[in-house]
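Asks: What would the 3D arrangement of this be:
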Amino acid sequence: MGAGVSGLAAAWDLTGGAQGPSAATPRVEVIDSAARVGGCVTTTRFDGDLVDCGADGFLARRPEVVQLVKELAWDDALEPIGASGAWIYLAGHLNPLPSGLQLGVPTVDADLRQVTGLSRRARRDLWRDRHFPRSLEVGDDATIGEIVRAKLGDEIALQFVEPMIGGIQAGRIDNLSAAAVFPALLSAARRGGSLQKALASPAAATPGPTAPPATEGPAFYTLRDGVGSLPLELENRLRARGVIFSLSTPVTALRRSPTSFYGWEVDTATTTTPANAVVVATPPAAAARLTGGLHADLSALGGISSASAAMVTLSLDASQISLPPTGTGILVPLGTPFADESLMVTAITLLDRKWPHLRRDGRALVRVHVGRSDDTRFSSLSDDELLARVVVELGVLLGGCPTPRASLVVRWPNGLPQYHVGHLDLVSKARAAAAPLHLHLAGNAYDGVGIPASIGSGRRAGRDALGSLASSVS
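Replies: Predicted coordinates:
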């Protein structure tokens, strides 16, 4: 249930993974209410190019996407990031983002000296952590904000860590679980000593609760036709393997089967599909609705909240806009003053710098990000109103912004699950309740919000489902 990247990845492993189908391969059906596969991982034609409507790239240090692409024998589709570095807007000025940041936590002193928007107090907090670190009692989990504020002070938390992690999760560090989002931070806090020194390892910057070891190579990849081309390629390969797709078909109920041969019946408005095992790769609210009556720990999935966000992509005349000379984007701390309120913009991605296949002479392809778990102002604006607001804010951040030659507004309501304190325990209990029932949970609500983590989550569910089928036969 669910044809996003997690559901498709589960189907890939259910049909043999890299080895392909065999005589033991089960019949697999993928059901989704949407008319197409991929969920929020999709592309659209914009200003003559295929542009992603969701994530435009993926962390290469996590191997799940690269491994899957190689299993598809699709290596030539991989494109490494074409630039490095970023900027941050502090105290009315753009500053190069210091090197050595681990999800926003500074680990190198030298570059911080050049940051104009950092107060003396923040610099003292960093010096103190290196030489006389504060002690902190931390249990099995704590918020990221609780740890960073206690060890490095409020300013570092709000001006560096919040923009970095908040940009990934669309949440607030004072609500997000360190164990689930930044486990290296929790481990460092529990060991004691300097937080900066403890996080100096590159592996510390790999987010997610089940992050595998970092790999060598580029920091990020995309695909030459956009990340949204991956689910389409998977769909084609799965159909060739005999997988049945029922799209535009909402699941209305998941019921115990009255027969002994099949354990489940999956209802839609017009069909009932029998199943021996079910991978539930839906958003958490739908998972709770469909499975919550079976066990209280499955019902608890409904308590996973989600944040909404939007992206505005602009095609601009490159000669009429002053962009930073290097780097792939700009971070904007929350609460940055604007008129009598604060900026909506949380980040800017320079798409044509980031990805070589999007470069065109005379064009700047800029993506603007808005929305957080506690900032839904954009949702009350029409697309035209949001576009106008974004152009004005870009004028503040960049010293001016021309009228866009083309624009695209994409909204993702409730698209990013929030990992609050206790998230890992909630997920562990839900999976423990589901497994004996031959139900298997997958998706960005469980193992990380990024595409690599989502694919890893789906493949795990696919393998677990195969295991449950084998055990039921034996």
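Asks: Quick one: the helices in the stretch 151-300 of the chain, in order.
Replies: Counting by DSSP state H, counting those that start in this stretch, one finds helices in the stretch 151-300 of the chain at the ranges 154-156, 162-169, 178-181, 183-191, 195-198, 229-240, 284-291, 296-299.
Asks: So which of those is nearest Asp317?
Replies: helix 162-169 (26.8 Å; CB to CB). All C-beta spots, glycine's among them, are computed from the backbone N, C-alpha and C.
Asks: can you list contacts of the closest one?
Replies: Applying CB atoms under 8 Å, 6 or more residues apart in numbering, the contact partners of helix 162-169 are 88, 101, 103-104, 144-145, 171-173, 176, 181-182, 207, 307, 331-334, 346-347, 369, 372, 416, 418-419, 449-450.
Asks: between the helices of the stretch 151-300 of the chain, which gets nearest to Leu50?
Replies: helix 229-240 (7.5 Å).
Asks: Check which helices and strands the closest one sits against.
Replies: Other helices and strands packing on helix 229-240, by 3 or more CB pairs under 8 Å, 6 or more residues apart in numbering; DSSP states H and E, are helix 5-14, helix 64-71, strand 244-246.
Asks: Pairing partners for the next helix or strand after the first one, with directions?
Replies: It stands for helix 5-14. As assigned by DSSP states H and E, the chain's next helix or strand after helix 5-14 is strand 29-31. As defined by DSSP bridges, the strand partners of strand 29-31 come to strand 244-246 (parallel).
Asks: The closest residue to Lys354 other than its chain neighbours: neighbour count?
Replies: Excluding the flanking residues, the one nearest Lys354 by CB to CB, 6 or more residues apart in numbering is Thr328, at 4.3 Å. If you count neighbours by other CB atoms under 10 Å, Thr328 ends up with 22.
Asks: what sits against Thr328?
Replies: Residues counted as contacts of Thr328 (CB under 8 Å, 6+ apart) are 81, 83-86, 349-350, 353-354.
Asks: separation between Met1 and Ala287?
Replies: Applying CB to CB, to the nearest Å, the value for Met1 to Ala287 is 8 Å.
Asks: Look at those two and report which has more neighbours.
Replies: Between Met1 and Ala287, counting by other CB under 10 Å, Ala287 is the more crowded of the two (28 against 25).
Asks: That one contacts Leu301, doesn't it?
Replies: Yes. Look at Ala287 against Leu301 with CB atoms under 8 Å: they come within range, at 4.9 Å.
Asks: Find the residues that touch each one of these two.
Replies: With contacts taken as CB under 8 Å, 6+ apart, Ala287 and Leu301 have 441, 445 as neighbours in common.
Asks: ok, and the closest non-adjacent residue to Thr291?
Replies: Leu298 (4.3 Å).
Asks: mind checking how far the one you found is from Pro21?
Replies: Distance from Leu298 to Pro21, by CB to CB: 31 Å.
Asks: In terms of neighbours, single out the busier of these two.
Replies: More crowded of Leu298 and Pro21, by other CB under 10 Å: Leu298, with 23 against 16.
Asks: Tell me the buried residues in the longest helix anywhere in the chain?
Replies: In the chain, assigned by DSSP state H, the helix with the most residues is helix 451-473. Within helix 451-473, the residues that count as buried by 16 or more other CB atoms under 10 Å are 451-462, 464-466, 468-469.
Asks: Can I get stretch 37-47 in CSV? Just the C-alpha atoms.
Replies: Extracted in CSV, the C-alpha atoms of stretch 37-47 (Å, rounded to 0.1, in the frame of the first residue of the first chain):
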residue,chain,number,x,y,z
VAL,A,37,4.0,6.6,-8.7
GLY,A,38,6.6,8.4,-6.7
GLY,A,39,4.7,10.5,-4.2
CYS,A,40,6.6,13.7,-3.7
VAL,A,41,9.5,12.4,-5.8
THR,A,42,8.5,13.7,-9.2
THR,A,43,9.6,16.0,-11.9
THR,A,44,7.9,18.5,-14.2
ARG,A,45,8.8,20.4,-17.4
PHE,A,46,9.9,24.0,-16.5
ASP,A,47,11.6,26.5,-18.7
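Asks: Return the set of buried residues in that stretch.
Replies: Going by neighbour count (16+ other CB under 10 Å), the buried part of stretch 37-47 is 37-43, 46-47.
Asks: So which of the residues you listed are in strands?
Replies: Mapping the buried residues of stretch 37-47 onto strands (DSSP state E) picks out 43, 46.
Asks: As a markdown table, the buried residues of stretch 37-47 with distance to Ser119 would be great.
Replies: Compiled in a markdown table, the buried residues of stretch 37-47 are given as follows (distance: CB to CB, whole Å):
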| residue | distance to Ser119 |
| --- | --- |
| Val37 | 49 |
| Gly38 | 45 |
| Gly39 | 42 |
| Cys40 | 38 |
| Val41 | 40 |
| Thr42 | 43 |
| Thr43 | 43 |
| Phe46 | 41 |
| Asp47 | 41 |
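Asks: For Pro26, state which of the buried residues of stretch 37-47 is nearest.
Replies: Proximity of those to Pro26 (CB to CB) peaks at Val37, which lies at 19.8 Å.
Asks: What sits closest to Ile451 if chain neighbours are left out?
Replies: Nearest to Ile451 is Phe58, by CB to CB, 6+ apart, at 4.5 Å.
Asks: Any stretches of the stretch 151-300 of the chain with poor pLDDT?
Replies: 202-216 (pLDDT under 70).
Asks: let's see 90
Replies: For the stretch 151-300 of the chain, the stretches flagged by pLDDT under 90 are 166-167, 200-218, 258-261.
Asks: re earlier: what helices or strands is the longest helix of the chain leaning on?
Replies: Helices and strands touching helix 451-473, by 3+ CB pairs under 8 Å, 6+ apart, are helix 5-14, strand 58-59, helix 64-71, strand 278-280, strand 439-441.
Asks: go again using 6 Å as the cut-off
Replies: Contacts defined by 3 or more CB pairs under 6 Å, 6 or more residues apart in numbering; DSSP states H and E place helix 451-473 against helix 5-14, strand 58-59, helix 64-71, strand 439-441.
Asks: Can you say which of the ones you listed is nearest to Pro274?
Replies: Among those, if distance is taken as CB to CB, the winner is strand 439-441, at 14.7 Å.
Asks: could you list every residue that touches Ala200?
Replies: With contact taken as CB atoms under 6 Å, 6 or more residues apart in numbering, Ala200 is in contact with Thr107.
Asks: I'd like the numbering to begin with 13 instead of 1 from here.
Replies: Taking 13 as the first residue, the last one we looked at is Ala212.
Asks: give me phi/psi at it?
Replies: Dihedral angles of Ala212 (phi, psi; degrees, to the nearest 10) stand at phi -70, psi -20.
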